[in-house]
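Based on what follows, work out the 3D shape:
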Amino acid sequence: MKIAFSTTACPTWTLEEVASKAADYGYLGVELRSFYDQSIEIASEPFGMQPEAIESIFADAGVKPLSFATSIKFCKMINPPVVGRIFQNEEAGVSDTKAYVDLADRSGTQFVRVFGNNLPAAEPKTWSMRRVCDRLKLAAQTARNTDVRVLVENAGSFSSSTALLELLEAVDSQWLGAEFNVLCALQVGECPLTSLKALGDRVKVIKISDIDGDGNPTKLGEGVLPLHEFVSALNKTGFEGWLVYEYPKLWETTGDGLDAEEILKHAADTLYAWMSADPACSCSC
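Next comes the predicted model:
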């Protein structure tokens with residue numbers, strides 16, 4: 001199991017700072033949060049950078065640019081259903097995915113993260129599922145002839161492992177995998193280990209974050225989630241993929257939150273300690 005962090009924890013760090021500090025703290029990779037339309041500013045924004053520069057920065061630090069975590073979704077309705085096809089893009093999200101896949105391929109980045117996401121209640125599920133699947137299949141195909149894989153994260157209408165698995169099986173693409181968010185699984189009442197067993201080797205990246213009793217983000221291991229037990233049990237399964245720590249500092253509206261350096265160094269130290277321990281699992285599986 002290899003550990004990484006998401007740049008949502010350090011939105012003011014440049015790409016050089018991200019790579020350097022990742023190496024200093026013992027992380028092997030970094031998930032780069034990115035906004036195609038530049039709607040949210042993040043100092044390490046990879047989109048628009050020269051791919052050679054991204055690859056060089058991380059190579060010099062000895063850290064893997066693991067993935068581009070995008071906001072791409074495939075659920076947008078076409079309205080009105082028939083006439084709207086003339087004026088709207090039936091393949092919404094596909095061209096954006098291709099742009100990221102191209103950047104990932106040329107920068108040595110392994111994955112592009114996307115979402116399903118929310119199936120509209122205003123139409124039959126079969127219609128919206130077909131639309132999401134058709135678009136996601138085309139998006140995944142943009143990774144053919146590359147070493148990049150598109151990963152869909154469990155969220156929205158696909159938060160449960162059952163719903164996510166239904167989507168992955170319907171798309172049935174060799175270029176598509178899953179990024180599994182433990183917090184999302186817990187919030188819909190699932191045992192993460194059971195969910196991972198159901199999803200199998202489709203899962204390439206697992207994401208963890210911690211919250212307190214009021215649902216606010218907190219340092220890893222200081223919240224109410226059974227993450228110590230989960231990580232230790234996951235380590236025992238021999239999982240060889242990536243474990244990404246996420247702290248949502250990017251979304252803070254004030255400057256009163258925890259310091260990024262403190263958050264990320266603590267998380268790395270905690271993860272390595274958990275991975276070397278061997279407690280019994282008590283996560284209600």
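
Identify the residues contacting stretch 20-32?
Around stretch 20-32, the neighbours that count as contacts under C-beta atoms under 8 Å, 6 or more residues apart in numbering are 2-7, 10, 13, 15, 18-19, 44, 46, 58, 61-69, 109, 113, 205, 207, 242, 244, 246, 261, 264-265, 268-269, 272. To be clear about C-beta, it is placed using only N, CA and C from the backbone, and glycine gets the same treatment.

redo that, cut-off 6 Å
When contacts are defined by C-beta atoms under 6 Å, 6 or more residues apart in numbering, stretch 20-32 is touched by residues 2-7, 18, 46, 61-64, 66-69, 244, 264-265, 268.

Can I get that stretch as PDB, trimmed to CA atoms?
Extracted C-alpha coordinates of stretch 20-32, given in PDB (Å, rounded to 0.1, in the frame of the first residue of the first chain):
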ATOM      1  CA  SER A  20       9.000  18.900  -2.100                       C
ATOM      2  CA  LYS A  21       6.900  18.600   1.100                       C
ATOM      3  CA  ALA A  22       5.400  15.300   0.000                       C
ATOM      4  CA  ALA A  23       8.900  13.900  -0.200                       C
ATOM      5  CA  ASP A  24       9.900  15.400   3.100                       C
ATOM      6  CA  TYR A  25       6.900  13.900   4.900                       C
ATOM      7  CA  GLY A  26       7.300  10.400   3.300                       C
ATOM      8  CA  TYR A  27       4.400  10.400   0.900                       C
ATOM      9  CA  LEU A  28       5.000   8.500  -2.300                       C
ATOM     10  CA  GLY A  29       2.400  10.300  -4.400                       C
ATOM     11  CA  VAL A  30       0.100  13.300  -4.700                       C
ATOM     12  CA  GLU A  31      -3.400  13.700  -6.000                       C
ATOM     13  CA  LEU A  32      -3.600  17.100  -7.700                       C
END
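
Mind listing what's buried along that stretch?
Residues 20-23, 25, 27-32 are the ones in stretch 20-32 that count as buried (16 or more other C-beta atoms under 10 Å).

In helices, which of those fall?
Within the buried residues of stretch 20-32, residues falling in helices by DSSP state H are 20-23, 25.

May I see the residues you listed organised as JSON lines, with distance to residue 99 and pLDDT added?
As requested, these are exported to JSON lines (distance: C-beta to C-beta, whole Å; pLDDT from 0 to 100):
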{"residue": "20", "distance to residue 99": "27", "pLDDT": "98"}
{"residue": "21", "distance to residue 99": "28", "pLDDT": "98"}
{"residue": "22", "distance to residue 99": "25", "pLDDT": "98"}
{"residue": "23", "distance to residue 99": "28", "pLDDT": "98"}
{"residue": "25", "distance to residue 99": "31", "pLDDT": "98"}
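
Just name the closest of those to residue 158, please.
Closest to residue 158 out of those is residue 22 (29.3 Å), distances taken as C-beta to C-beta.

ok, now how distant is the closest one from residue 67?
13 Å (C-beta to C-beta, to the nearest Å).

one step back: now, which of the ones in helices among the buried residues of stretch 20-32 sits nearest residue 177?
Using C-beta to C-beta, those come closest to residue 177 at residue 22, 22.7 Å.

Tell me where the stretch 1-150 of the chain has helices.
Secondary structure of the stretch 1-150 of the chain (DSSP state H, counting those that start in this stretch): helices at 15-25, 51-61, 84-87, 94-107, 125-141.

To clarify, my last question referred to the stretch 151-285 of the chain.
161-171, 182-187, 192-199, 227-236, 260-276.

Kindly reformat those as a markdown table containing distance to residue 140, mean neighbour count and mean pLDDT.
A markdown table is the format used below for the helices of the stretch 151-285 of the chain (distance: least, C-beta to C-beta, whole Å; neighbours: other C-beta atoms under 10 Å; pLDDT from 0 to 100):
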| stretch | distance to residue 140 | mean neighbour count | mean pLDDT |
| --- | --- | --- | --- |
| helix 161-171 | 7 | 18 | 97 |
| helix 182-187 | 21 | 20 | 96 |
| helix 192-199 | 16 | 19 | 96 |
| helix 227-236 | 26 | 20 | 94 |
| helix 260-276 | 30 | 18 | 96 |
